[in-house]
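Peer 1: Just to be clear, the model below is a prediction. Sequence and coordinates:
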Amino acid sequence: MSAVVPRTSVRSALVVGGAVAVAKIALTVPFMRRYGWDRDELYFLQAAKHPALGYVDFPPITAWVGWVVQRLFGDSLVALRATGLVAGCLTIVLVALIVRELGGGRAAQLGAASGWALTPFMLGSGTIFHPTWFDALAWVAFLAIAVRVVGRPEPRLWWALGLVAGVGFEAKYTIVFLLVAFVLGLISTRERRLLLTRDPWLALGVCLLLAAPNLVWQVQHGWPSLRFASSQNAKTAADTPPASYVAEQILFLGAVVVVVAIGVVWLWRRERLRALAIVPVAVTLIVLLERGRGYYPLPADALPLAAGAVALESWRPQPGRRRGLLATLAVLQLAAAVVIGQLVLPFRSTGSMVASGIWKNSYYKDEIGWPELAAATAHAWRSLTPDERSDGVILAGNYGEAGALALYGPSLGLPPPLSGHLSWQYWRPAGLPQGFALTVGYGDPESICASSRRLATIDNRWHLDNEERGRTIDACVLRRPLDALWRSSIARDDL
């Protein structure tokens with residue numbers, strides 16, 4: 001089967017995708033400052049202040065991006081979130097380029113780029129500083145190159161696939177799911193012949209070379225990410241049963257899930273592109289079997305979405321039928337963007353969100369109460385005796401609490417906090433106070449305390465139930481010196 005011939009220039013596709021990206025920026029920027037720091041952002045902010053080749057629960061690129069942002073803009077929440085917005089906008093441009101590569105015209109490019117930008121999943125880019133957006137960019141870039149490698153074919157671009165895969169591995173380990181699905185697609189079709197050439201192995205070498213620094217770090221630290229993944233998978237399996245997994249995917253895609261399904265069929269009917277039709281289906285099933293989150297495989301749907309737009313553009317039904325279908329999909333997608341988008345874009349004020357009850361099951365609960373937690377900790381710290389403070393430390397129960405105290409604590413006169421949670425376990429001074437700790441957020445302080453007294457209960461000014469509300473701040477006389485507790489893992493939680 002002959003290769004698909006692009007109908008428009010690269011420049012034209014860049015203009016279309018860029019225009020949609022500009023609209024996405026205009027929609028997102030007004031909401032980037034609300035409501036405050038998310039617990040994950042507080043963690044990544046501190047990771048940026050401790051640059052390394054690896055971390056317990058994520059690869060290093062997010063921290064290094066944060067490090068650059070900090071050097072340029074300081075502890076700016078908007079600047080950090082802007083990196084996710086840029087990554088999301090680049091995926092929009094790449095979708096337009098994929099449509100162009102598949103032979104779609106400007107109408108298909110505009111439809112696919114707009115549909116992708118209006119998915120509730122992509123609306124979230126720019127509202128939180130998180131590895132998800134760098135991961136999504138790596139997935140869509142990989143697929144954009146794969147279309148050329150498989151569809152033309154263009155073997156000289158295999159090295160670029162390896163480059164993107166390696167960089168993607170340093171952004172988020174979930175790109176391994178995409179790579180496995182891609183190989184399965186090739187093996188399952190006549191394109192398996194491509195694996196008999198030297199170019200895929202060159203790509204593998206490039207990928208491993210880029211992944212090597214993190215792999216070396218993992219070896220040096222006893223593979224902590226594998227231990228974390230095992231624990232996290234168990235938690236995810238309990239939180240996300242198969243029905244919820246499927247429902248999440250539909251909700252985060254909106255009405256374009258119909259176009260995605262059309263695109264899978266369109267790719268399958270073209271022998272040279274059949275391997276690519278398998279990729280989004282395979283990666284969805286792989287993540288389901290691995291009991292991952294519903295949004296993990298969503299970037300792979302950018303490819304069939306682009307293909308579906310090409311199919312609809314070339315569809316020639318009775319007059320008005322195609323127009324009616326496209327109008328219906330557009331209305332449904334806009335409705336999904338508005339209704340479901342309330343969960344990913346903070347349209348409302350903090351007070352109205354709390355009053356409406358939307359926050360009851362919202363991710364934004366994790367953006368509430370950090371200044372109050374720091375203020376309550378400062379009040380408790382000042383209530384301690386001079387002897388307790390001189391031989392004491394502030395010990396936070398999780399990375400969110402530790403990150404909030406690290407951010408807000410210096411202006412309140414607090415010493416640097418410690419925590420054993422995830423990568424915080426590596427960010428401790430060589431010498432540790434030996435006898436006393438002010439514990440913040442420990443569910444069971446008696447596990448490390450010979451005796452304790454409660455000084456405060458954590459709350460927020462909205463009295464909104466979240467992970468922190470109701471936890472306690474306690475004055476703790478340690479059972480053993482803190483360095484001994486640390487070594488025995490009693491005081492730390494690295495899973």
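Peer 2: Okay, I see it. Residues are numbered from 1 along each chain as shown.
Peer 1: so where's the longest strand in this structure?
Peer 2: Ranked by number of residues, the top strand in the chain under DSSP state E is strand 449-457.
Peer 1: Which residues in the longest helix along the chain does the neighbour count mark as buried?
Peer 2: Secondary structure of the chain per DSSP state H: the longest helix is helix 77-101. For helix 77-101, burial by neighbour count (16 or more other C-beta atoms under 10 Å) applies to 77, 79-101. Glycine gets a C-beta too; all of them are placed from N, C-alpha and C.
Peer 1: Return the distance of it from the chain's centre.
Peer 2: 14 Å (C-alpha atoms, centre = their mean, to the nearest Å).
Peer 1: Stretch 274-286 too?
Peer 2: Worked out by C-alpha atoms, centre = their mean, stretch 274-286 lies 21 Å from the chain centre.
Peer 1: and what of stretch 459-475?
Peer 2: With C-alpha atoms, centre = their mean, you get 26 Å for stretch 459-475.
Peer 1: same check, this time on stretch 423-442
Peer 2: Centre-to-centre, stretch 423-442 and its host chain are 28 Å apart (C-alpha atoms, centre = their mean).
Peer 1: And stretch 475-491, by the same measure?
Peer 2: Offset of stretch 475-491 from its chain centre (C-alpha atoms, centre = their mean): 33 Å.
Peer 1: Stretch 75-83 too?
Peer 2: Relative to its chain's centre, stretch 75-83 lies at 15 Å (C-alpha atoms, centre = their mean).
Peer 1: okay, that stretch in CSV with CA atoms only?
Peer 2: Only the C-alpha atoms of stretch 75-83 are listed here, as CSV (Å, rounded to 0.1, in the frame of the first residue of the first chain):
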residue,chain,number,x,y,z
ASP,A,75,9.2,30.1,44.1
SER,A,76,6.6,31.2,41.5
LEU,A,77,3.5,28.9,41.4
VAL,A,78,2.4,30.5,38.1
ALA,A,79,5.8,30.1,36.5
LEU,A,80,5.9,26.4,37.5
ARG,A,81,2.4,25.8,36.2
ALA,A,82,3.3,27.6,32.9
THR,A,83,5.7,24.7,32.1
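Peer 1: same question for that stretch, mean pLDDT?
Peer 2: When pLDDT is averaged along stretch 75-83, the result is 95.
Peer 1: So Pro59 sits against Thr174, correct?
Peer 2: No. Pro59 is beyond contact range of Thr174, at 10.2 Å (criterion: C-beta atoms under 8 Å).
Peer 1: Who has more neighbours out of those two?
Peer 2: Pro59 (27 against 23; other C-beta atoms under 10 Å).
Peer 1: ok, that one - contacts?
Peer 2: Taking C-beta atoms under 8 Å, 6 or more residues apart in numbering, we find Pro59 in contact with 131, 169-173, 214.
Peer 1: from those, which single one is nearest Leu253?
Peer 2: Leu253 has its nearest neighbour among these in Lys172, at 19.5 Å by C-beta to C-beta.
Peer 1: neighbours of that closest one, just the number please.
Peer 2: 22.
Peer 1: Pop out the phi and psi values for it.
Peer 2: With angles defined as degrees, to the nearest 10, Lys172 sits at phi -160, psi 130.
Peer 1: pLDDT at it, what is it?
Peer 2: 96.
Peer 1: need the contact list for it.
Peer 2: With C-beta under 8 Å, 6+ apart, Lys172 has these contacts: 58-59, 131-132, 134-135, 138.
Peer 1: so of those residues, which ones are in helices?
Peer 2: Short answer: the contacts of Lys172 in helices (DSSP H) are 131-132, 134-135, 138.
Peer 1: Using JSON lines, lay out those together with pLDDT.
Peer 2: Below are these laid out as JSON lines (pLDDT from 0 to 100):
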{"residue": "Pro131", "pLDDT": "95"}
{"residue": "Thr132", "pLDDT": "95"}
{"residue": "Phe134", "pLDDT": "97"}
{"residue": "Asp135", "pLDDT": "97"}
{"residue": "Ala138", "pLDDT": "98"}
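Peer 1: Grab the two from the residues you listed that are most spread out in space.
Peer 2: Taking every pair in these and measuring C-beta to C-beta, the maximum separation is 10.9 Å, between Thr132 and Ala138.
Peer 1: buried residues in the next helix or strand after the longest strand of the chain?
Peer 2: On the C-terminal side of strand 449-457, the closest following helix or strand by DSSP states H and E is strand 472-478. For strand 472-478, a neighbour-count test (16+ other C-beta under 10 Å) marks 472-476, 478 as buried.
Peer 1: Format those residues as TSV; extra columns: distance to Trp64 and pLDDT.
Peer 2: Converted to TSV, the buried residues of strand 472-478 look like this (distance: C-beta to C-beta, whole Å; pLDDT from 0 to 100):
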residue	distance to Trp64	pLDDT
Thr472	36	93
Ile473	34	95
Asp474	36	93
Ala475	38	93
Cys476	36	90
Leu478	35	87
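Peer 1: what's the closest of the residues you listed to Val29?
Peer 2: Nearest to Val29 among the buried residues of strand 472-478, with distances taken as C-beta to C-beta, is Ile473, at 37.0 Å.
Peer 1: Provide the partner residues of that closest one in its beta bridges.
Peer 2: Judged by DSSP bridges, the bridge partners of Ile473 are Val440, Ala456.
Peer 1: hmm, who's touching stretch 402-416?
Peer 2: Contacts for stretch 402-416 (C-beta under 8 Å, 6+ apart): 37, 39, 41-43, 45-46, 75, 370-371, 373-375, 377-378, 381-382, 393-394, 396, 417-419, 421, 424, 429, 440.
Peer 1: Could I get the full set of helices for the stretch 151-300 of the chain?
Peer 2: 158-169, 175-187, 199-220, 224-239, 242-253, 257-268, 274-289 (DSSP state H, counting those that start in this stretch).
Peer 1: hey, which of the ones you listed is tucked in deepest?
Peer 2: Compared across those, helix 158-169 shows the largest average neighbour count, a mean of 23 (mean count of other C-beta atoms under 10 Å).
Peer 1: okay, the angle between that one and helix 199-220?
Peer 2: Inter-element angle recorded for helix 158-169 and helix 199-220: 20 degrees (by axes from the mean of the first three to the mean of the last three C-alpha atoms, to 10 degrees).
Peer 1: what does helix 158-169 contact?
Peer 2: Under the criterion C-beta under 8 Å, 6+ apart, residues 59, 61, 135, 138-139, 141-142, 145-146, 149, 175-176, 178-179, 199-200, 202-211, 214 lie in contact with helix 158-169.
Peer 1: Tell me which other helices or strands the helix or strand containing Ala146 touches.
Peer 2: Following DSSP H and E, one finds Ala146 within helix 131-151. Secondary-structure packing of helix 131-151 (3 or more C-beta pairs under 8 Å, 6 or more residues apart in numbering; DSSP states H and E): helix 61-73, helix 77-101, helix 158-169, helix 175-187, helix 274-289, helix 302-314.
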